[in-house]
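Participant: Below: sequence and its predicted model.
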Amino acid sequence: MDILIGILEQGFIYGILALGVYITYSILDFPDLSVDGTFPMGAAVAAILIMHGVNPWLALVIAFIAGACAGLVTGLIHVKGKVRDLLSGIITMTALYSINIHIADGKSNLAIFTGETIFNSGIAAMLPEFLQPYRVLIISFVLIVLCKLLLDWYLNTKSGFLLFAAGDNQQVVTALAEDHGKVKIMGLVLANGLVALSGAVLCQHQRFFDVSMGPGSVVLGLAAVIMGMKLLGNVSFVKGTTAAIFGAILYKACYAGAIAAGMEAVDMKLITAILFFAVLMLSSGEKGNKPTFIERFKKGVKKGGKPRA
């Protein structure tokens, strides 16, 4: 039972990361490697703010804004600087390593064992006694549901509609008198904001920040999105956001299974590589079967609604 609860807790927290990667990978078709920098950035922001007595919920909001700013930089480098998408992410990721240390007051790691977090104060503290052992699960579930619902709502607005167009057919965006570059930047801002938010939540859960917690984040997010889309992508009533969250939970379940089987901590990166390779093999050829923007549009019109997120 404890293992299952741990899987769900980690799955919900990393599910927020998966939502961000879902935007860049599945919608924008943008290989955003800056995720490896924005994830620990959110953790660094949350840790330093909590150490200075800032409300932990406000720390989450500020972490989201910080991540959004990093996404803005990536977008500007790509769109205005005419740098290739992959390289623009690498540039931002490299810069964020030093920036994250500066945010953390020049330290590569910070502990917040004595500070208040969203898991031991406020709403969590008001939970009934019998629910206290499950407060991390409850709070993380509320957060992931809130993020999913807000993202689903956004993707069904005109701005969200244009995100799909920017990833599938940039000419459509231009035909609608919109700048596809600005649309891409908006997508990167939102995606990296979610990634930083995930890092901030994980920091408050683990009660520490470490600058090395970033590498591998993009791999985890990609694996979660691909696994979720592979298993649930063809189910008509399941949205892409739901599939991404399910993929994150499944990924953490595989991780926990490997640990339970006796794998050592030093083998975790090897496990990650094997899992990601397996996911890529499962998803080979899937990109070509991905519905286009026009197909989504026609499907939405036939149903009298908007394209399914």
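Facilitator: Received it, and whenever you're ready, just let me know what you need.

Participant: got a list of contacts for the host helix or strand of residue 97?
Facilitator: With secondary structure defined by DSSP states H and E, residue 97 is part of helix 85-103. Under the contact criterion CB atoms under 8 Å, 6 or more residues apart in numbering, helix 85-103 has outside partners 30-38, 40-41, 44-45, 48, 66, 70, 73-75, 77-78, 81, 83, 107-108, 211, 214. All C-beta spots, glycine's among them, are computed from the backbone N, C-alpha and C.

Participant: Which pLDDT value goes with the nearest residue to residue 12 once chain neighbours are set aside?
Facilitator: Distances taken as CB to CB, 6 or more residues apart in numbering place residue 140 nearest to residue 12, at 3.9 Å, with adjacent residues excluded. At residue 140, the model reports a pLDDT of 95.

Participant: and the one helix or strand residue 252 maps to, what does it pack onto?
Facilitator: Assigned by DSSP H and E, residue 252 belongs to helix 240-260. Packing partners of helix 240-260 (3 or more CB pairs under 8 Å, 6 or more residues apart in numbering; DSSP states H and E): helix 2-22, helix 135-155, helix 217-232, helix 268-282.

Participant: if we can go back for a sec, got a list of what the residue nearest to residue 12 touches?
Facilitator: With contacts defined as CB under 8 Å, 6+ apart, the neighbours of residue 140 are 8, 9, 12, 13, 201, 205.

Participant: Can you say which two of those residues are spatially most distant?
Facilitator: Among the contacts of residue 140, the pair separated by the greatest distance (CB to CB) is 8 and 201, at 13.8 Å.

Participant: ok, the two, which is more surrounded?
Facilitator: Ranked by neighbour count (other CB atoms under 10 Å), residue 8 and residue 201 place residue 201 first, with 31 against 20.

Participant: That one sits in which helix or strand?
Facilitator: Element membership of residue 201 [criterion: DSSP H and E] is helix 180-206.

Participant: in that helix, what's buried?
Facilitator: Within helix 180-206, the residues that count as buried by 16 or more other CB atoms under 10 Å are 180-181, 183-205.

Participant: Likewise for stretch 122-135?
Facilitator: Buried residues in stretch 122-135, counted by 16+ other CB under 10 Å: 124, 135.

Participant: That one: end-to-end distance?
Facilitator: In stretch 122-135, first residue to last residue: 11 Å (CA to CA, to the nearest Å).

Participant: likewise stretch 230-250?
Facilitator: End-to-end distance for stretch 230-250, by CA to CA: 12 Å.

Participant: Contacts made by it with the rest, please.
Facilitator: 7-8, 11-12, 14-15, 17-19, 21-22, 26-27, 144, 148, 151-152, 155, 220-221, 223-229, 279, 282-283, 286, 308-309.

Participant: CSV please, covering the helices and strands packed on helix 240-260 and showing distance to residue 168.
Facilitator: Output for the helices and strands packed on helix 240-260, formatted as CSV (distance: least, CB to CB, whole Å):
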stretch, distance to residue 168
helix 2-22, 15
helix 135-155, 14
helix 217-232, 15
helix 268-282, 22
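
Participant: for the closest residue to residue 100 other than its chain neighbours, phi and psi?
Facilitator: Excluding its sequence neighbours, the residue lying closest to residue 100 (CB to CB, 6+ apart) is residue 44, at 4.7 Å. Phi and psi for residue 44, reported as degrees, to the nearest 10, are phi -60, psi -40.
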